[in-house]
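Undergrad: Have a look at this fold, sequence not included:
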Ligand code: NAD
């Protein structure tokens, strides 16, 4: 039985806010993916039990882990089916650089698995928080970090399925030395409107400030984007909407990071800004992410209920980290916080997600159980145990 997603919660299902069954596809993948997913699953099982829910976790093969088991593809058919029939996908990482190069580009795990599983998921959310007691790990100076609210807590919402990476025509024509290359940045009103809606609704649930990032002084797509953002802003009088050109936004993120709340932007700008912003969190091992589609949009837009569903996809932002894999050294917090995003955004379990977040930041701020990337000596499994103890 499928769990009660955010959509179903709003429609008043009898499962809402009571006891739920969370039907999850668990894809640990390669390298530290295995360790961080194991740690995060211990936490999720604990919080589910504590709040009276059950988790139906079905594990699937993906990446080199699938190829090594004899599957012909890094994303076997069984795994695709599992993902399709699940409420959410909880993913670790895929790829091993030394072995990736032995495969043609189109067959490499990251390309095969990620592109396929993210299809139809147009909203990528990355939550960047610098723990209060780990400010020394942020590359910015104290005087910048103590400005404004004195805290970095930014949600970056990136459009994920349109723009420059998918627009046609794309390619190289002619012969050297006279070749031409073209990429096309294209957006429809529908694509812009739906990602902005995710932006406004997310801001409404946070500090009610939305920054829409574009390049409206140059690009036609950005002109359309800004026009729609301004018009939609009138439907959200409680949300303070601001606009910024992407070049300025990339500077301001480093100049006054404590002043940002929610940022919404198109695919290419979001790709670059979200990587830049992830440096503000102190370690790549601390940052969670979610890829969401029509099912999430339908919480706010009833018309999206009849649109095709793609299974929401949750992953930490880091890769398989082969340099530390198999040693119980990885930082599991980014993956545990990813699990918390899953509770919040797919299952609308706010109290449960709050409990996980508070436990993670409690452990980080206490500073007793920190992994190597944060300057400590704790094992991945010990951090998970410390988080569980705090829930
Ligand atoms: P990476 O994120 O795996 O590692 C970069 C550095 O950060 C390494 O020094 C690593 O030890 C450290 N690190 C990463 N996560 C950490 C954690 N949780 N705790 C402590 N330290 C951590 O990036 P990479 O080395 O460029 O890539 C390794 C492999 O992962 C490649 O095959 C790449 O293609 C793949 N990759 C996969 C994904 C994905 O599955 N979504 C994303 C990025 C990279």
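TA: Structure's in. What do you need? Predicted, not measured: the structure shown is a model, and the values here were computed from it.
Undergrad: Near the ligand, which residues of this structure are found?
TA: Proximity of the chain to the ligand is confined to 32, 36, 93-97, 100, 110, 114, 284-285, 315, 318-324, 330-331, 334, 371, 373 under the rule Cβ under 6 Å from any ligand atom. (C-beta placed from N, C-alpha, C; glycine too.)
Undergrad: Among these, which lie within helices?
TA: When DSSP state H is applied, those are split such that 32, 36, 97, 100, 334 fall in helices.
Undergrad: which of the residues of the chain next to the ligand count as buried?
TA: 32, 36, 93-96, 100, 110, 114, 284-285, 315, 318-322, 324, 330-331, 334, 371, 373 (16 or more other Cβ atoms under 10 Å).
Undergrad: Residue 312 - how many residues pack around it?
TA: As a burial measure, the neighbour count of residue 312 was computed by other Cβ atoms under 10 Å and equals 25.
Undergrad: for residue 142, that is, sorry about that
TA: Around residue 142 there are 10 other residues, counting by other Cβ under 10 Å.
Undergrad: give me every residue that touches it.
TA: Residue 142 makes contacts with residue 135, as judged by Cβ atoms under 8 Å, 6 or more residues apart in numbering.
Undergrad: Next one: it relative to the ligand, how far apart?
TA: Between residue 142 and the ligand the distance is 24 Å, computed by Cβ to the nearest ligand atom, to the nearest Å.
Undergrad: Ramachandran angles for that residue?
TA: phi -50, psi -40 (degrees, to the nearest 10).
Undergrad: mind listing which of the buried ones among the residues of the chain next to the ligand are in strands?
TA: Mapping those onto strands (DSSP state E) picks out 93, 315.
Undergrad: Distance from the chain centre to the top strand by length along the chain, please.
TA: Longest strand of the chain, by residue count under DSSP E: strand 21-29. Counting by Cα atoms, centre = their mean, to the nearest Å, strand 21-29 is centred 16 Å from the centre of its parent chain.
Undergrad: Which strands border that strand, and is each parallel or antiparallel?
TA: Sheet pairing for strand 21-29, assigned by DSSP bridges, gives strand 54-59 (parallel), strand 88-93 (parallel).
Undergrad: right, and the helix or strand after the first one?
TA: Put plainly, it is strand 54-59. In the C-terminal direction, the helix or strand that comes right after strand 54-59 (DSSP states H and E) is helix 64-67.
Undergrad: Just give the nearest non-adjacent residue to residue 111, would you?
TA: In space, and not counting its chain neighbours, residue 111 is closest to residue 105: 6.5 Å by Cβ to Cβ, 6 or more residues apart in numbering.
Undergrad: Quick check: which element contains the residue nearest the centre of the chain?
TA: When the chain is reduced to its mean C-alpha position, the closest residue under Cα atoms, centre = their mean turns out to be residue 289, at 1.7 Å. In this assignment (DSSP H and E), residue 289 forms part of strand 288-292.
Undergrad: Sheet partners, orientation included, of that strand?
TA: Applying DSSP bridges, strand 288-292 is found paired with strand 123-129 (antiparallel), strand 313-316 (antiparallel).
Undergrad: in the stretch 201-350 of the chain, what residue is nearest the ligand?
TA: Residue of the stretch 201-350 of the chain nearest the ligand, by Cβ to the nearest ligand atom: residue 319 (2.4 Å).
Undergrad: who's in contact with the closest residue to that residue other than its chain neighbours?
TA: Excluding its sequence neighbours, the residue lying closest to residue 319 (Cβ to Cβ, 6+ apart) is residue 93, at 5.0 Å. In this structure, residue 93 makes contact with 29-33, 36, 63, 315-316, 318-321, judged by Cβ under 8 Å, 6+ apart.
Undergrad: still on that earlier bit, farthest pair in the ones in helices among the residues of the chain next to the ligand?
TA: Based on Cβ to Cβ, the longest span within those runs between 100 and 334 and measures 21.9 Å.
Undergrad: Please enumerate the strands of the stretch 201-350 of the chain.
TA: In order along the chain, the stretch 201-350 of the chain carries the following strands (DSSP state E, counting those that start in this stretch): 209-214, 240-245, 262-265, 288-292, 313-316.
Undergrad: Any stretches of the protein with poor pLDDT?
TA: The chain contains residues with pLDDT under 70 at 1-17.
Undergrad: Against the centre of it, work out the most remote residue.
TA: In the chain, by Cα atoms, centre = their mean, residue 177 is the one farthest from centre (41.2 Å).
Undergrad: ok so, going back, what's the distance between the residue nearest to residue 111 and the ligand?
TA: Shown here: residue 105 relative to the ligand, a distance of 12 Å by Cβ to the nearest ligand atom.
Undergrad: do residue 67 as well
TA: Taking Cβ to the nearest ligand atom as the criterion, residue 67 is separated from the ligand by 13 Å.
Undergrad: Next, please give the residue ranges for the helices of the stretch 251-391 of the chain.
TA: In order along the chain, the stretch 251-391 of the chain carries the following helices (DSSP state H, counting those that start in this stretch): 267-278, 294-297, 333-345, 350-366, 380-390.
Undergrad: winner for burial among these?
TA: Sort the helices of the stretch 251-391 of the chain by mean neighbour count, taking mean count of other Cβ atoms under 10 Å, and helix 333-345 sits at the top with a mean of 27.
Undergrad: That one packs against which elements?
TA: In this structure, helix 333-345 makes packing contacts with helix 32-50, strand 88-93, strand 123-129, strand 288-292, strand 313-316, helix 350-366, helix 380-390, judged by 3 or more Cβ pairs under 8 Å, 6 or more residues apart in numbering; DSSP states H and E.
Undergrad: Residues contacting the fifth one, please?
TA: With contact meaning Cβ under 8 Å, 6+ apart, strand 313-316 is reached by 36, 88-93, 117-118, 121, 285, 287-291, 334-335, 337-339, 341-342, 346.
Undergrad: mind running it again at 7 Å?
TA: Applying Cβ atoms under 7 Å, 6 or more residues apart in numbering, the external contacts of strand 313-316 come out as 36, 88-91, 117-118, 121, 287-291, 334-335, 338, 341-342.
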